[in-house]
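> quick one: sequence plus predicted model below, questions after.
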Amino acid sequence: MELCVIEGDGIGREVIPAAIQVLKKVVPHVTIFHAPAGWDYFQQHGTSLPEETVELAVRCKAVLFGAVSSPSYPVDGYFSPVVRLRLRLQTYANLRPTRYLPVPTARQGVDLLIVRENTEDLYVGHEQTTDEGQTGIAQKVITRAATERVARLAYSLASRTNREKVTVVHKANVLPQSDGLFRRVALEVASNYPDIITDELLVDTAAYWMVKDPRRFDIILTPNLYGDILSAMAAAWGGGLGLAPALNLGDGIAIAEPVHGSAPDIAGQGIANPTAAILSLAMLLRHHWQRDEEAQKIEAAVYHALKEGEHTTDIFNENAISTQAFTDRICEAIDALA
């Protein structure tokens with residue numbers, strides 16, 4: 001087992017080593033290779049994702065990606081390294097689970113999975129300005145091939161994990177040629193899984209239900225942009241972005257990726273929450289390395305530590321402990337629950 005580790009920027013340099021510490025508790029023989037990427041690397045070297053990092057990721061076939069600080073304004077030569085890496089590795093499905101954890105802001109009964117197409121939509125980066133910078137244009141790309149493969153993965157996951165319903169989310173009433181194609185292909189794939197309930201929602205209605213009652217959802221299948229937004233909304237019901245894991249999954253290759261940002265306001269203080277990074281590695285163990293037992297050990301240990309009142313400051317200020325102390329509690333819980 002080989003893992004390419006990209007810490008990135010900000011708190012990525014704190015939560016990723018914490019996650020590796022936990023991973024080595026359950027699979028001590030894993031070989032770790034470190035590689036650079038991110039905004040800081042771009043400022044020093046003129047690229048946010050060096051080719052050597054991509055080559056190492058391809059060789060390892062498993063990546064743990066931390067967090068990057070991407071500017072919200074155009075920077076000549078800069079691109080989001082994680083978005084580019086997803087495209088280069090063709091990790092075409094982004095899996096974003098939200099399930100109840102014992103923290104004050106989580107909601108009992110929530111257990112949903114968003115399966116987000118991960119290689120196209122507006123994220124292809126076909127964007128330009130015209131009229132001397134007065135008009136911005138972005139191209140939305142939806143293809144039959146990409147939709148079909150992510151839909152098959154979503155329904156296969158539903159079948160394997162005993163989930164009962166897939167909700168196809170789109171905006172086909174306004175975008176009949178792009179979202180309409182996504183809808184049609186998804187429903188074609190759904191017809192091959194008659195034992196799984198399929199329904200559909202417009203994305204604005206789905207957002208309403210995500211706020212009103214997320215327990216309505218089991219699996220959501222949706223294009224890239226909508227999945228990005230809905231999964232961040234869903235994370236609130238699981239306790240917040242500091243607890244929200246993700247896995248970018250392709251054919252024989254995967255990128256585990258906590259979904260929080262680089263949080264420069266708290267970087268270097270030793271208070272960042274490593275839970276999302278740790279649970280992302282549990283997803284990598286389960287879905288890529290086929291090590292479900294080890295994944296369950298990590299998830300049980302995280303649940304146990306939180307239930308015992310151990311937490312970082314983003315969960316609750318009172319009696320908060322450091323990143324390292326919380327990581328140590330999870331490692332102790334793995335031993336105690338063995």
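Okay, I see it.

> which of the helices or strands spans Leu64?
Assigned by DSSP states H and E, Leu64 belongs to strand 62-67.

> nearest residue to Thr147 other than its sequence neighbours?
Nearest in space to Thr147, with sequence neighbours left out and distances taken as Cβ to Cβ, 6 or more residues apart in numbering, is Val185 at 4.2 Å. C-beta here means a position set from N, CA and C on the backbone, and glycine is covered the same way.

> please report phi then psi for Leu197.
For the record, residue 197 is Ile, not Leu. With angles defined as degrees, to the nearest 10, Ile197 sits at phi -70, psi 130.

> quick revisit: run a quick neighbour tally on the residue nearest to Thr147.
21 (other Cβ atoms under 10 Å).

> and Leu306, by the same measure?
Using other Cβ under 10 Å, Leu306 has 22 neighbouring residues.

> sorry, back to before: quick check: next helix or strand after the strand holding Leu64?
Next along the chain after strand 62-67, taking DSSP H and E as the criterion, comes helix 81-89.

> what helices and strands are in contact with the lowest-mean-pLDDT helix or strand in the chain?
Between all helices and strands in the chain, the lowest mean by mean pLDDT, DSSP states H and E belongs to strand 127-130, at a mean of 88. Secondary structure elements in contact with strand 127-130, counted by 3 or more Cβ pairs under 8 Å, 6 or more residues apart in numbering; DSSP states H and E, are strand 135-138.

> just checking: what are the partner strands of the strand it packs on?
Strand 135-138 pairs in its sheet with strand 127-130 (antiparallel), by DSSP bridges.

> not counting sequence-adjacent ones, nearest residue to Lys307?
Nearest to Lys307 is Pro102, by Cβ to Cβ, 6+ apart, at 4.3 Å.

> list the buried ones in the helix or strand hosting Ala19?
Here Ala19 sits within helix 12-26, counting by DSSP H and E. By 16 or more other Cβ atoms under 10 Å, the buried positions in helix 12-26 come out as 12-23, 25-26.

> how about stretch 178-192?
Buried residues in stretch 178-192, counted by 16+ other Cβ under 10 Å: 178-183, 185-186, 189-190.

> I'd like the average pLDDT over it.
Stretch 178-192 shows a mean pLDDT of 98.

> now do stretch 44-62
In this model, stretch 44-62 has an average pLDDT of 97.

> export the helix holding Ala19 as CSV, just CAs?
Output of helix 12-26 as CSV, limited to C-alpha atoms (Å, rounded to 0.1, in the frame of the first residue of the first chain):
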residue,chain,number,x,y,z
GLY,A,12,-3.5,21.1,5.7
ARG,A,13,0.0,21.0,7.2
GLU,A,14,-1.5,20.2,10.6
VAL,A,15,-4.5,17.9,9.9
ILE,A,16,-2.8,15.7,7.3
PRO,A,17,0.0,14.6,9.6
ALA,A,18,-2.7,13.9,12.2
ALA,A,19,-4.6,11.7,9.7
ILE,A,20,-1.5,9.8,8.8
GLN,A,21,-0.8,9.1,12.5
VAL,A,22,-4.3,7.5,12.7
LEU,A,23,-3.9,5.6,9.5
LYS,A,24,-0.6,4.0,10.7
LYS,A,25,-2.5,2.7,13.8
VAL,A,26,-4.6,0.5,11.6
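
> tell me the contacts of the spatially most central residue of the chain?
Centroid check for the chain by Cα atoms, centre = their mean gives Ala246 as the closest residue, at 2.5 Å. By Cβ atoms under 8 Å, 6 or more residues apart in numbering, Ala246 lies in contact with 94-96, 231, 256-259, 276, 280, 283.

> give me the pLDDT for it.
97.

> go through the least confident helix or strand of the chain and flag the buried ones.
Applying 16+ other Cβ under 10 Å to strand 127-130 flags no residue as buried.

> understood, closing this out.
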